[in-house]
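K.L.:
whatever this is, show me its structure:
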Amino acid sequence: MYDAELMAVATGAAGTLVAAIATSGSEKMRLKVGRFFRRAAPDQQRAAAQAVDDTAAQLTSLSPEAQALAATAWVQLIAHYLDEHRDAMSEVDELAVPDLPVSNVWNQHNTGTGTFIGGDVHGGVTFNYGGASDGGR
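P.N.:
Next up is the predicted model:
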């Protein structure tokens, strides 16, 4: 049996991980889970990767029961891992922190003379697709 602190951490991480798999997708979360379980034996690493796929499959039903089953499986997997690798306790928060969206930025600058409406045109535009808002600028 695991101690209360370990179970509390594992339970919190499992619930957050299930929610992250539901919102971010299994591909993205498989990378995070792989980084977290890097100290584990190869069979435990494979089990964690398979658990990501299993969780994603369970969540297609969107039922609360499926989410509860997935979270229970993750609690056991995370608790077992943390029991063997106590130094990973400080890293469990990384499973809960969402990755910031990747931003694609394009800059276009226009200058020239000729047949522009209103004369010469000078200026540019920046597209920040998928990134954080910069306050309306």
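
K.L.:
can you pull out the helices in this protein?
P.N.:
Under the criterion DSSP state H, helices of the chain are mapped to 4-24, 26-36, 42-58, 64-84, 93-96.

K.L.:
make TSV out of those and add mean pLDDT and mean neighbour count.
P.N.:
The way it works is simple: take the backbone N, C-alpha and C, and place the C-beta from them, glycine included. Shown next, in TSV, are the helices of the chain (pLDDT from 0 to 100; neighbours: other CB atoms under 10 Å):
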stretch	mean pLDDT	mean neighbour count
helix 4-24	85	18
helix 26-36	87	17
helix 42-58	90	16
helix 64-84	87	17
helix 93-96	74	15
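
K.L.:
now do the phi/psi pair for D3.
P.N.:
phi -70, psi 170 (degrees, to the nearest 10).

K.L.:
how many residues are close by it?
P.N.:
Look at D3: counted by other CB atoms under 10 Å, it has 9 neighbours.

K.L.:
same question, H85
P.N.:
Residues within reach of H85, counting by other CB under 10 Å, total 16.

K.L.:
surely it and R38 touch.
P.N.:
No - if you go by CB atoms under 8 Å, H85 and R38 don't touch, sitting 9.4 Å apart.

K.L.:
now A40: phi and psi?
P.N.:
Per-residue torsions, A40: phi -70, psi 160 (degrees, to the nearest 10).
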